[in-house]
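K.L.:
no letters, just coordinates:
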């Protein structure tokens with residue numbers, strides 16, 4: 001296999017790797033409340049950078065030093081993905097619940113009695129929240145939040161965890177097909193670039209679809225976001241169950257096949 005073939009195959013396999021179910025579910029949960037396709041693409045790109053970083057470091061160590069990852073260690077890395085999916089889903093569900101409670105508390109309805117001559121009656125009305133005395137964009141917290149978004153940090157961390165779980169499989173695939181060490185390392189880099197590009201396209205498409213639905217029904221958009229969070233929890237529980245009870249991470253003979 002020539003160098004150009006390695007680059008082409010590595011790039012497109014990296015793009016396909018981005019479409020793995022656990023990757024799409026995790027990143028979909030992160031961007032489910034995002035409105036800008038370009039910001040979503042940035043979040044997807046940061047996920048890809050985190051993923052590429054660990055794929056390259058761990059994969060290169062396996063290729064260069066012929067490292068063998070014990071089954072229990074490999075299962076632990078995959079277990080981290082399951083736990084992370086559960087945490088992401090619960091985090092988002094909690095965020096939706098807080099948003100609903102905040103919307104309910106935003107306008108408090110109460111009654112006042114009014115007299116018109118001898119006639120006294122009551123009617124209910126509400127007061128909108130008081131406006132702040134300064135522009136919220138000028139506060140230090142808003143300044144920091146603008147530049148270091150929680151979504152950005154989450155995307156990077158999630159990418160790193162996914163990279164740890166997939167590094168062994170990618171490195172073993174490279175070792176089996178590319179005997180030249182330099183080309184194998186180059187393949188890891190190109191594979192990472194393809195993964196970044198693939199996830200950017202996926203996140204842009206997701207948010208564009210959410211925007212299309214939002215333009216027609218805000219209620220449906222909220223339900224889709226909650227659904228994505230619940231899917232993340234359910235899939236994370238499934239992965240966790242598989243690793244703990246089917247693959248037997250705590251038994252004397254754990255079963256692990258990098259994938």
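P.N.:
Nice, thanks for sending it over. What you are looking at is a predicted structure, and each value in this text was computed from that prediction instead of being measured. Numbering: from 1, shown residues only.

K.L.:
rest of the way, CA atoms for contacts and neighbours
P.N.:
Fine.

K.L.:
pull out the buried positions in the helix or strand harbouring residue 74.
P.N.:
Element membership for residue 74 (DSSP states H and E) is helix 71-106. Residues of helix 71-106 classed as buried by neighbour count (16 or more other Cα atoms under 10 Å): 71-72, 74-93, 96.

K.L.:
by mean pLDDT, flag the weakest helix or strand of this protein.
P.N.:
helix 140-147 (a mean of 45; mean pLDDT, DSSP states H and E).

K.L.:
what packs against the following helix or strand past it?
P.N.:
Where DSSP H and E defines the elements, the next helix or strand beyond helix 140-147 is helix 150-177. Judged by 3 or more Cα pairs under 8 Å, 6 or more residues apart in numbering; DSSP states H and E, helix 150-177 is in contact with helix 21-31, helix 37-65, helix 71-106, helix 181-214.

K.L.:
just the angle between helix 150-177 and helix 37-65, please?
P.N.:
Using axes from the mean of the first three to the mean of the last three Cα atoms, to 10 degrees, the direction of helix 150-177 lies 40 degrees away from that of helix 37-65.

K.L.:
in helix 150-177, what's buried?
P.N.:
In helix 150-177, counting by 16+ other Cα under 10 Å, buried: 151-152, 154-172, 174-175.

K.L.:
please apply the same query to stretch 182-190.
P.N.:
183-190.

K.L.:
could you do stretch 199-216 as well?
P.N.:
Of the residues in stretch 199-216, those buried (16+ other Cα under 10 Å) are 199-204, 206-208, 210-211, 213.

K.L.:
can you verify my assumption that residue 155 contacts residue 44?
P.N.:
Yes - the criterion here is Cα atoms under 8 Å, and residue 155 meets it with residue 44 at 7.1 Å.

K.L.:
okay, and the common contacts of these two?
P.N.:
Shared contacts of residue 155 and residue 44 (Cα atoms under 8 Å, 6 or more residues apart in numbering): residue 27.

K.L.:
on that earlier part again, among the helices and strands packed on helix 150-177, which comes closest to residue 230?
P.N.:
Nearest to residue 230 among those is helix 71-106; the distance by Cα to Cα comes to 5.9 Å.

K.L.:
now find how far off-centre that closest one is within its chain.
P.N.:
Relative to the centre of its chain, helix 71-106 is centred 10 Å away, using Cα atoms, centre = their mean, to the nearest Å.

K.L.:
lovely, talk soon.
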